[in-house]
Structure formats: structure tokens, C-alpha cells
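Chemist: Show me how the following folds:
(4 chains, ligands or ions: 2)
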There are 4 protein chains.
Amino acid sequence: MSQNVAQFDAWIRDQFKALNTELESLYDHCENPMQIADTGNELKQQLKQEGESHIEKLLIEGNTDQGFDRNFDLLGNIGMYMAACRRHELTEPSRETRSPLEKASALALQVGASLGVTPRFATSHLTTHCKAVDGEPKRFTSLKDEALFIDFNTLAVLAYKRAADALVRILPMGISHPVAPYLLMDATSALKDVAHWNKKLFDELDGDAFFNHVRPYYKPFRVGQHEYRGANAGDFAGINEIDMLLGLCQANQSFYSQLLVDKFLYMMPEDQARLRDVMRRQSLLDQILDGLNSNPEAPWLKEVIQALVEAIDAHGNTAHQHHEQLVKRFIVAPSIKLEDNDKTHITASGPPLEVLLRSLNRLKELRMAANNSQLPSRYHDVQRLKCWLESH
Amino acid sequence: MSQNVAQFDAWIRDQFKALNTELESLYDHCENPMQIADTGNELKQQLKQEGESHIEKLLIEGNTDQGFDRNFDLLGNIGMYMAACRRHELTEPSRETRSPLEKASALALQVGASLGVTPRFATSHLTTHCKAVDGEPKRFTSLKDEALFIDFNTLAVLAYKRAADALVRILPMGISHPVAPYLLMDATSALKDVAHWNKKLFDELDGDAFFNHVRPYYKPFRVGQHEYRGANAGDFAGINEIDMLLGLCQANQSFYSQLLVDKFLYMMPEDQARLRDVMRRQSLLDQILDGLNSNPEAPWLKEVIQALVEAIDAHGNTAHQHHEQLVKRFIVAPSIKLEDNDKTHITASGPPLEVLLRSLNRLKELRMAANNSQLPSRYHDVQRLKCWLESH
Amino acid sequence: MSQNVAQFDAWIRDQFKALNTELESLYDHCENPMQIADTGNELKQQLKQEGESHIEKLLIEGNTDQGFDRNFDLLGNIGMYMAACRRHELTEPSRETRSPLEKASALALQVGASLGVTPRFATSHLTTHCKAVDGEPKRFTSLKDEALFIDFNTLAVLAYKRAADALVRILPMGISHPVAPYLLMDATSALKDVAHWNKKLFDELDGDAFFNHVRPYYKPFRVGQHEYRGANAGDFAGINEIDMLLGLCQANQSFYSQLLVDKFLYMMPEDQARLRDVMRRQSLLDQILDGLNSNPEAPWLKEVIQALVEAIDAHGNTAHQHHEQLVKRFIVAPSIKLEDNDKTHITASGPPLEVLLRSLNRLKELRMAANNSQLPSRYHDVQRLKCWLESH
Amino acid sequence: MSQNVAQFDAWIRDQFKALNTELESLYDHCENPMQIADTGNELKQQLKQEGESHIEKLLIEGNTDQGFDRNFDLLGNIGMYMAACRRHELTEPSRETRSPLEKASALALQVGASLGVTPRFATSHLTTHCKAVDGEPKRFTSLKDEALFIDFNTLAVLAYKRAADALVRILPMGISHPVAPYLLMDATSALKDVAHWNKKLFDELDGDAFFNHVRPYYKPFRVGQHEYRGANAGDFAGINEIDMLLGLCQANQSFYSQLLVDKFLYMMPEDQARLRDVMRRQSLLDQILDGLNSNPEAPWLKEVIQALVEAIDAHGNTAHQHHEQLVKRFIVAPSIKLEDNDKTHITASGPPLEVLLRSLNRLKELRMAANNSQLPSRYHDVQRLKCWLESH
Ligand code: HEM
Ligand code: HEM
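Modeler: Numbers count the residues shown, from 1 in each chain, chains lettered A, B, ... in the order given. Ligands and ions are numbered 1, 2, ... in the order given. You can find the predicted model right below:
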């Protein structure tokens, strides 16, 4: 790490976090926590200027040749700074045509482009790739609810990844391999872990604290000319690998591929590569259906159909939980209470809440193989497997 | 190649080309060649439907696991089809919110995402990566001017690439290596080739034929929801590698990095990787300036400064030529003649002509190290080298 | 798959397997199962010639441009054919200076080199990357003990890989991250699965059947001029990633790095890349020791030290099991019974049994952090952690 | 660069070079320049110990996580140190079973393995990837003939690479593409540059100085247990890409693929990847022959056959030059003068001189498409093209 990079990192881990925490506590005393424009102006300016002076030095130094890991880390720091400026309404994408944080934009664009990712912080910066120093990961604030949100998120992401690893490892063997059922069981067990962490989140996260003091750091903001949607917990390849390998979502459906296209640059390059590869593969569900069609009494079918159906159910379950519990409680419920003109931009990805919910619901139904003829859901195929099981 | 892929390819090389050629000949007899909406409707429908029926089969087949080369080729075919539909105004991005070519969009999104490139045809599909079969590259039409335009474009791109190769090979040696001047000379010689092919284009391309019958295939169009700007001849990494290695453009200037960010997904993945790498390196110009600062009488300086200055001049020259000759003659001049309501969307990349020209002019001045204090041009640094040469 | 490739694959899955199985049954009736030179000559010739005629066609076709997966598969088929020829003593590396299977060698060299792996079958061809067709993986014979050996091996390899995945995911977070203990627990649980599969192997595999009819297919053989050691179950990156991340083996110890160097080309390219990356990282053990040194009362230490110690013990346990149970029972015991001149080449990797055992024992002791001052074992460091735990 | 890495690098560039140079000057006064065992013992010990103390520090530091470029550079430094020890006969592979330079071996094995290359210096360390500092590349000695040898070597390597680039770029277009002849001409022109640099070398290099004071640094030596052949100027992918793309050598001939297999790990990873890719492609010669067979009057043939034949001749010419001039003058001639017991190990790559020459001659004949029925030479195919040209 160059010295300038190290100093910026230290600032993010220390003063930056303290300033945000102090501002959140001021906002907490505002009458309307959505109306923060006139609160804490001095602290806000301090945050803006201190960050800027670090970034200025880095821009002059121009030394971005420090290997992927360090540059990715640096991008996270710039992104956290820009996101905080946006949360404190020092910038606001709908009132500007380009980010007023010119230096930060320039550095973010350079580093992001040289890494092959969006020029902003991504979820992985805060979760799977958030380096802890002496027990302390990088955080926006020292609020308990931010830590809780992020830690359970991270655990759920890691469990999804483990499920994806297991499914991917079936591909070179084929679904009829004697070892395939064990990999499916491993995936199912990992998906149950996801459910466990989701439940923890549901039980332990404070809805108001999250909505008012954590989520606002995940809003969209501009870097240079373009606005980039907020980071969201789903910005890793694993979840979509599972979707496609289980056959529940399909890359040749444009609803789904559009979603993937929009998501690619929010993922780490290694995740991009994995996801690309999976997009080209035949799903495990389709492999089994082929098997069933050519010989419905093949001896290898029973164990693996059982295991696949369990994996599918476990995946559907996490999707149901995400939508009906997490999204409903932590996004929808608090939004309903809002005044109309506070409702804009409450979602991380920009579109109005209803649009977002419709899209999330569609995903949920696909993942649950729901009986919905409007959707390319695999309901009938999954039912066919379940019936087969009953008769075998 | 699967049979469906092969049949679609054969159609693109044969009927598709014939239909476009016939339509162009009809348009040629229109009073206003910009007003083609009501001409050749039957041929247009034939083109649309034949293409669609090929794409439908591919979507059902779902077999995208054919290796990078073949999928890239397939994406080019889908993209050419969609671009032709747009050229014939079967689709028009400003009147739609999503492409009416739903099947083609779905396939393009899947294939593009799985390759890591925009879901449309890119310049490389028509130039450096356009497979010829029995002497015939893939083309929209059999018009002489399309062939001429594309062939000279390809030759210029290849020469730029050779220049970039030579410059990149200096990096591991450092600018003070005894062999560096030879690599710079090789770059200069390649840049002179670029100028040669540019001149040929200027001399031999028919402006009207190009403007009315070739360029319209390069317009922006939608794939799924998003509109993608048109392909342009600069969508390869080499030119930007040269910009940055010669020190004339800098990745920490947001004008330039924004431009790179917007361009990345229009390049082949291998080009993306090369460009990313170069973005992290110290330019040759800066390496020499460091050398000059620490020991202005070092014996290795003379030969290499001479060679660098020549490379810089050669690069500036191609930029000048591009702007003052090619753009002026083949875009600006014919546009001036247009009625106002024909002027929209005449450029491939979407923005109004003035905006585009301003941006191109800026690039030209940077590449020429022009004396313009509004720009981060390297004028003074390049002058310093030239003065030093005079006194040594 | 080209037709020739498909026909060769079908032959390997069918006639080849049948011929080997028949030959094994003849050998079973030999007085000395080590002396098979004069048994089943006709079948042996048939196997040799049929394979050769397939390979000849492939060599002429010269079409190796089928993507990584298919070429890797093809290499496995060539390798299985050559290994069977060696098992039936149609070739014998110590009596030849180059493989008499010239065509097979030529094809294996071409394909292996183009893939970046040794030009022979590797363990992954038979385990993690062995495609099953309609429930049947590729196998040398249809003997129950081969299936059993390979299936449990595969399950153990997959469990090791899962443990390695979990440990690798700690690296970007650092050992002090609140989520690190969970990843360590996941690793431990996977290592316990390894132990489970090892025990199954120990309990269920028939020692004589394995030694006489399975293991001989894993002998070293020549391809072209060079002799390549046999495939062994450890030819994947995961086990060494675990060794190094837990800190038990170190890449700057030449005993260990020599072993890695000799192993690289027997791994899949993706495994090579992972292993290379891990070689450059600080181990989790060293990260904790650094933490302990700088602040032995840091609150994050307790949970993670506990979890690391459990992972270390679990890994040591699998190593103990491998050496004291699997190797002793399935290699050492049957070897002792052999006549002296049958003892040569009983091990897969060529060196005499004592040398091999010494090396395996050393590995075992390193993995167990054994109290052996002759070795760079982490005994004292691990003890320090255990003591710290007792006092906290 | 860590401080230890920087200090070692400074030592290599300074004292190490001075010590070697001084030793060479002592050897120059020996009666028999092959008998240097008892000369300069103090200097030799100094060199050995100073290097060792640097390496020791690096081994303890254990910090190999510095990105590819820096580690590759470090490996070059370790390798140069070990090669010098071997040149001064502090080590001698035939009298040892493992390198007595234990620390250097350990570090070289770790770094080499983590990079995916042989654990010794390779030609690229001294040529295309030899960083110059203030005008000074890394060198063993400051002898004029070493500089001359390496610089002309580098220029020839770079010219071969340029030729290979041009040929590779034909692949995605196919040989019948209108632009292919220009790429072939570029390749030919680059090959003529190779000839130019070869001639310079022939004219300007002092045979005795080279044989006695430069070449000995290129001998084989052990790292850990294994002996690694010496670096040679051909250890880059370009030359073999040319061989195969022109169709003169074929990857399915085991003589040639064996040679490639033995060479892979002596190349940079990026070169390995390029070469692997080319091994899977149809040669340009075969593409043309296919074209000729299906339509001998196709209009695209003439220009491209002309251009291919010229490229083939230019390549054959460099091969002829290499063998008949460079090898004869700088290796064979001085060897003849030697006493018999000095003749062992005079070649870099280990085998006896006659064996080496035979293999080199074979390569020469293949590259010249010589009329030799013992070889899979393309004589008849190339003749066919030449005849066709005469009649068209
Ligand atoms: C308080 C907890 C959570 C809330 C309120 C929440 C809410 C949301 C919302 C509103 C979106 C829509 C996208 C956006 O606004 O940009 C979203 C997307 C997503 N979330 Fe969550 N989320 C939570 C936790 C999690 C967890 C623990 C995971 C598991 C890793 C997860 C996985 C995803 C995924 C994968 C997406 C992308 C869309 C999809 O593929 O379903 N979320 N989430
Ligand atoms: C019948 C069961 C097994 C026997 C008899 C056996 C025997 C051996 C032997 C003799 C070697 C020495 C190398 C050689 O000969 O080339 C070896 C190496 C190895 N085996 Fe096994 N093995 C068995 C099962 C397994 C299993 C299930 C695993 C788990 C994946 C495993 C992992 C390894 C590893 C990693 C090595 C490489 C050396 C090392 O890193 O320890 N083996 N085995």
C-alpha cells in the first residue's frame, strides 16, 4: 500500500466512521428523519473536505499499479466516501447532471475501469471482501444495527456461495453420477443455513434503525455523468448460479438475462466469470428431465430426483423468506409510513417501490416454481418430479 | 457449430445481404434518402420474419455452449440482424421503450452477457473478427462502398494494434532500455501505416454512398430495455493504449476515463484486459520526464527522446486526419445538407452532432498535444522534449 | 464432440472396460497375480489395436479445437488407454526409452500441452471430472472395488475442496473478521466429512482386490520420451491450500515446495491457479500469532482461536487416518507379502516404497503439527494457541 | 518492492555484476578457459555468500505477495545468482543430487511455482522482460559481448513476436479474407527484420569471448532436486506460433509436440497461453490447401498464396541463418577446438552436442520445408503453391 492509500484507509476506518455516526445521532433527533438537509452542516462539510483532500493526493500520486486486491479495496473506500456524501445529501443525483465530487469521480472511474467493475462501492466491499483490522471491519457507522445487518448478510451470502459451489461441481460429472446426490445434499444444507441467517436478521434487526440509519448509505449516486444504482446484498454470482443450475430461472428469458446484464459490473470479476460460465450450461433440472424422458426407470433417478427436489424447495424457501419477511418488514412497512415526497429514492436501485416489488415478486415466484402461468415458472416440471417420486 | 447456428450464418451471408442490398437500391430512388419509412415494405417484412424464424430456433435449442469464438460470431449475426431492422426503421429506439424484437433481444442478452460484451454487434464483428468464407467476409450489403469502408477500417485498426503492441512491449524493459528506441520506431512506422489507410479512405470512399447506404447500419438500437450506441471504428483497445502509453491522454482525467468506461463493453474481452492493464501503468512520456529530471545528460536519453517525439507526432497526425478529413467529409458535410428533422440520430453514438464533434475535437487536441490551456494537454511537456533535442 | 471423439469415448465406456474386466478375471486365476505377462495375450492385443485405430483417426482428423472440457475429456480417454496398456504390460517404462505407443503419445502430447497439464490421465479424470453417461461414470473395469474406491475418493476430494473454499474465503476478510470463525467451522465440518469417507473406504474396500486389480492401473508410464508418475488421489489443489492456509506446511520450505512443483501439472489449470494464489498468502495461523503478539487480550481472539484449533485438529486427523489406515492397509500390508522382484513399481509415483512412506509420514507429521524437531512442524505454535485457550 | 527485494536487486545490478566481470577477466588469463576450478576462489566465495545473505532475508520475510511482475523479476535475480554459482563451478549438477544452494533453491521453488514457470531464470528475464534502470539492463557481466549478444537477441525475439502477432490476427478472419495478404506481408517484413538482427549478431559478436565468457552463464543447473536445462533464446512462444501457423511444423507430430512440452514452463505464462491456443488451430497453409482443393480458380487465392509463400521463405531463411551461421560459428566451431573432457555440458540444454545439432537441423529442415522424405516436411505442399503461382 502506498502511504497515501494507507492514510485514506485509516481515515475511513476512523474519522469517517465517527463523523457518520455523529451525524446519524443528530438525524435521530430530527422531527422527520427523512428531512436531514439542514442538520449537521459543519460535520458534513468536514467529512466532505477531509475525504477530498485524501483523494486529491491519490489522484496526483497516480499510482494505481498495486495489484487487484489493493485497488479493489481503494475503490471501496472512494465509494464509501461518495455514498456517505450522498446519504448526507451533499450530492443528489436527481438534482445534478454530473457528480459534484469531481476528484472522487475521476479516481473512481479510473480505478473502477481498470478493475472491470462499476466505479462505486459494491456489496462485496462491505461483506465478503471487507478486510477487518484488529477485529474491526470497515463500516459507515459504529451503529449496532449496521454491524448486525452486514454480518448476517455476509453469512447468508457465504452460505449461498457454498450452495453454488456444490451445484457447479456437479456439472463436469453430470447429474447421473453416483456422487451427484451428495453434492445436492450439500447445497440443500447450505441453503438451510441461508434460511437460518435470514431468520436471525428478521428477528434481531431493528426496522427503524435500519431504515433510517443504515439503508440510506445504499442509495444510488452519480460517478462522473452516470448514476449508479445502490449496492444490494444480491450482488454476487452465487444466487444466480443456483437459480440457473436448479433450472428455476433461465438465461434465455429476457426478464432474467436483462437482470443479469444489469448486475454484472456490480460483481467481482471472478464472480462475473463464474456466472458467465453457468449461463452456458444445461440446468440440472433439464438434465434430469432428459434422463426421465429417455428411461423413466433408470436406477440412478430416484436418489437424485429426491435430492434435487429438496434443493429446489430449500431455495424457494429462502426466496419466500427474503420477500415476505425481510423486504416486507424492513422496506415496505416503513415506506408505507412515509409522506409521499419522502418516498422517492427509498429503494437502492432507483425504480419506484411498486416496480421493484413486482420484479422481486417475480423472482420469488420463479424461485418457488410457483403455479403462475404468466411466468416461465418450472411449476409443471417440478410437479412432475414430485409425482414421479411418489410413484417410485 | 450447431446446425441452427450454421443455417442462420448462411442466411446472414446470403439472403440477408441480398435483401439489404435490394432495399438500399430502392432507397436510392427515394426523393429524400432519409425518408425510407414507406419504401420496400414487403422486403422489410421478409427480412424481419426470416431472421426471426432463425432466432426462434436458436432460442429453443438453447445450446450456447459452443466456445467463445462461435458465440461471439453468433452475437455478431444477431446484432447485424437487429441493426438492419433498425436501419430499415422496423424498430426505432426513440419511439419504443423496449425492443419489439423480443426473441432477438432475449438471445442477444443471453449471449452478450455470457461473453462479457454489449448485447449487440460491435466493430470487431465486421472488421478484425469477421470470418470470410471463400473470400467473402460478412457484410450488410454487397455495395462496393461498404466493402471499401470496412476493409480500410480494418487495415487501420490492425496498424494501430501493431503500434500498441510495440509500445506495450517497452513496459517490462523500461524506457531507458537500449532496445526501447527500436520499439518506438516500430510504433511510428505502424502509425504511418494508419495514416496511409486513412488517406486511402479519404480518397476512395464515396461520401454520399457512405452516408446514405453504409452508415445507417451503425445506428444505436435497443436490446431489451436499454439502447446501445452504434458500433464505431474505435472500439478496440489499441488506440487508447497508444494514447495513454505516449502520455497524451491520462486515465485519471475524468473526461478520458469516462470515455473508457463507456467503451469497455464494446471491446472484445481480450482487449478489455489489455486496456485495463495499461490504465495502471506509468506512461513512457512520464518515464522520460523522470529520467530528464534526475539526470538531463544521461546518455540513453537522446535516441529515445527522438523516437518518442516521432511517435507522438505520428499519432497526432492520424488524429488530425481522422477529425479534419474523415469526420468532416463523411459525417459533417453531408449532415449540413440535411433537413432539420432528419438530423436526429445521424451519428452512431447517439448524442447530437455538435456534442459529438466537441468531444472528438477534444480528443484530437489531446492526441496532438495541442497548445490549449483548457485541456490537460501535454503541450508543454512535449515542447520540453523538442527543445531538449535541439540543444543536444 | 466430433464423431471420432464420440466413437472413441463410446469404446472406452464399453469394449475397453469389458476387455480390462475380462483380463482381470484371468489374472485372478494366475498363480501369482504379479506375474501376468503371459496371460490373455489375445485380449491384450485386441485392446491395444482397437484403441490404436481410434487414436489414429483422431490424429489424422487433427481437430483439437473443441474447447477445454472436451479436450480434457479426450486426454482422459487417451490416458486410460495408455494406463491399461501399461497395466497389462504391453508397455513398461523401465524396459523402454520411449513409449512404443507412438500414436497415442503424439496425441496425448498435443492435447496435454494445449491444455497445460501432463499428457496422461490425472485423478480428476476419474473422480471430480468423470462424466457419467446414464448413470455410468468412465471406469477401467466393472469391478465393484474400483467403483467403491473411486466413489469414496471422489467424496473425500469434494469434502477437502469444500474445506479449502471456506478457508480461502477468510483471506479477503482477515482472520479477525467477526465472520471468520464461521468459515473455520465450515472447514472443520467438511474435514470431518473427509474422515467419514476415509473410514468408509477403510471399512468397505477389499484390500486384495484393490491391490491386485485396481491399483495397477495407476502405475507410471511413458508418454513420448518421459515417464509420468501415476495419478494419485491427492492431485487437486484443495489439500495443499488447507495445509498452507492452516499454516501447517509452508511454501518456503523446499521439501514442501518441491512437492508442489512436482504436482502442479497433474492438477486442472483452475486448481493450479488457486494453489498458486494461496502460495503467496500469509497463513491464518500466522495471522493469529501476529494478533496475539500485538494484543493478547483482543476480544476477537477467543472464538477464532478455538475455531482454528479445531480445524487444525480435524486436518491432522484425516492425515493420520490416510497414513495409518489407508496407506498401511491397502499399500504396505499387501506389499510385505510380495516377493522381492515383484516389489518394484508397486507405488504409483515411482520411488521405492520406503522412500514414499518416509515422505508421506513427513507430510502426516506436518499436518498433525507433531512434536518432531527434525521437521518445520508448527507444534510449538499450535501448543501456544491451545495453552492460551485454557487460560482464557 | 519490499526493501529486501530492492536491496537484492541493487546487489545484482552492482556488486554481483562486478564480481562476475572480475572473475571472467581472471579466467581469461587461465591457460585453459574451460579449467577455472581453482581460479578466483575468494571472489567466488564472496559472490556466493553475499547472494546467500540476501536470499536468507527474503526467505524469512516470506513476503511473496507482490504481484506477478515483481515476483517474476525476483525469480530472475535468484536465477541469475544460481546460474553464476554454476558458471563458477560452485555447483555442478552432475556431481550433486540436489543443489547445495539450499536457501536459493527453496526461494526459487516457491516463487517459480507460484508463478507457474520453471524455478530458474529464463531468457525473458534477460531480454524482453529485463528492466533497465537508468539505461542499464540487468546483466551478468559488463562485458561488451554479453550486451551485444543479448541486445541483438532481444531485437530478434521482438521481431519474431511481431511476425507471430500478424499471423495470429489472420485466424479470426480466415485466410480468404481480403485483408489477410497484408497481415502476411507484415509478418514477412518482421521476419526480414529477424534476419537483419541475426546477421548483425553473426558479424559483430566475438566467437571466443562469447563462448568463454557469456555462454557459460546459460548452463543447466539444479534447483532443489531437479536439473533444469539452460535458458535459450528460443524460449518464447512466437517462433512456434509462426512454425505452426505457417503449417511448417505440426503439433500432432510427436517430435514437435515433445519439444513444445519441454519448453512450456520456460516461457512466460502469457506466452504459454498464446502457444496453447495456436496448437489448436488449423494452419494457414492447410486453410489455403483446402481452398485450392475446393476451387483452384477462386479469385482470392493468388494474392494470398503469393504472400504466404513469401512468409514461408522468410521464415525458412531465418532458420537457415540460425543453424548455418549462428550455431555453427558460435557453438560448433569453438567446441571442435576443445579437449574431449571439456566437451561435456557445453550446450545450454544438456544433451550432447551431436544430439542437439541433429534436433536443431531437423527443425531447420522443417522450417525450410526441405525436400527430406524422412521428415514430415511440407516440401510437396509448398511446391504445389509455387507451381500454382507460376501458372496463374
Ligand atoms: C434486512 C434485510 C434485507 C432487506 C431489507 C433486503 C431487501 C432487498 C431489496 C429491497 C432488494 C431489491 C433490490 C434493491 O433495492 O436494489 C433486494 C435484492 C436482493 N437481495 Fe435482499 N434484502 C435483505 C437481505 C438480504 C440477504 C440476507 C440476502 C442474501 C444474500 C439478500 C439477497 C438479495 C438478492 C440476491 C437480491 C437481488 C435480487 C434477487 O436476485 O432476488 N438480501 N433485497
Ligand atoms: C485406498 C485408499 C487410499 C490409499 C491406499 C492411498 C494411498 C496413497 C499413497 C500410496 C500415496 C502416495 C503417493 C503415490 O503413491 O503416488 C497417496 C498420496 C495421497 N493421497 Fe492417498 N490413498 C488413498 C485414499 C486417499 C483419499 C480418499 C484421499 C483424499 C482425497 C487421499 C489423498 C491423498 C493425497 C492428498 C496424497 C498426496 C500426498 C499428500 O499430499 O499427502 N488418498 N495416497
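Chemist: contacts, neighbours, all on C-alpha from now
Modeler: Fine.
Chemist: how about the residues of chain A near chain C?
Modeler: Remark: the part of chain A in contact with chain C comprises A:128-137, A:151, A:154-155, A:162, A:169, A:172-179, A:291, A:298-300, using Cα under 8 Å from any Cα of the partner chain.
Chemist: Buried among those residues? Need that as a selection in PyMOL.
Modeler: The PyMOL selection below is limited to those of those classed as buried (16 or more other Cα atoms under 10 Å in any protein chain shown):
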select buried, chain A and resi 128+129+130+131+132+133+134+135+136+137+151+154+155+162+169+172+173+174+175+176+177+178+179+291+300
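Chemist: Just the ones in helices from the residues of chain A next to chain C, please.
Modeler: Using DSSP state H, the members of the residues of chain A next to chain C that fall in helices are A:151, A:154, A:155, A:162, A:291.
Chemist: Just give me the neighbour total for the closest residue to residue A:249 other than its chain neighbours.
Modeler: For residue A:249, ignoring the flanking residues on the chain, the nearest one in space by Cα to Cα, 6 or more residues apart in numbering or on different chains is residue A:243 at 5.3 Å. When neighbours are counted by other Cα atoms under 10 Å in any protein chain shown, residue A:243 registers 21.
Chemist: gap between residue A:243 and residue B:114?
Modeler: Using Cα to Cα, to the nearest Å, one obtains 15 Å as the distance from residue A:243 to residue B:114.
Chemist: returning to what we had before: mind putting the ones in helices among the residues of chain A next to chain C into a markdown table with pLDDT and distance to ligand 2?
Modeler: Output for those, formatted as a markdown table (pLDDT from 0 to 100; distance: Cα to the nearest ligand atom, whole Å):
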| residue | pLDDT | distance to ligand 2 |
| --- | --- | --- |
| A:151 | 97 | 33 |
| A:154 | 98 | 29 |
| A:155 | 98 | 27 |
| A:162 | 98 | 19 |
| A:291 | 96 | 30 |
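Chemist: sorry, back to before: return the residues in contact with the residue nearest to residue A:249.
Modeler: Residues in contact with residue A:243 (Cα atoms under 8 Å, 6 or more residues apart in numbering or on different chains) are A:249, A:250, A:367.
Chemist: How about residue A:286?
Modeler: Listed by Cα under 8 Å, 6+ apart, the contact partners of residue A:286 are residue A:247.
Chemist: give me the residue from chain A nearest ligand 2.
Modeler: Nearest residue of chain A to ligand 2: residue A:179, at 14.0 Å (Cα to the nearest ligand atom).
Chemist: Surely residue A:175 is in contact with residue A:283?
Modeler: No: using Cα atoms under 8 Å as the test, residue A:175 is too far from residue A:283 to be in contact (9.5 Å).
Chemist: re earlier: can you narrow the residues of chain A next to chain C to ones near chain B?
Modeler: The residues of those that also fall near chain B, by Cα under 8 Å from any Cα, amount to none at all.
Chemist: Only the C-alpha atoms, please, for the strand or helix carrying residue A:335, written as PDB.
Modeler: For residue A:335, the element it lies in under DSSP states H and E is helix A:333-336. The C-alpha coordinates for helix A:333-336 follow below in PDB (Å, rounded to 0.1, in the frame of the first residue of the first chain):
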ATOM      1  CA  ALA A 333     -43.600  -1.500   6.100                       C
ATOM      2  CA  PRO A 334     -41.500   1.600   7.000                       C
ATOM      3  CA  SER A 335     -42.100   3.000   3.500                       C
ATOM      4  CA  ILE A 336     -45.900   3.000   4.000                       C
END
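Chemist: Brilliant, that's me finished.
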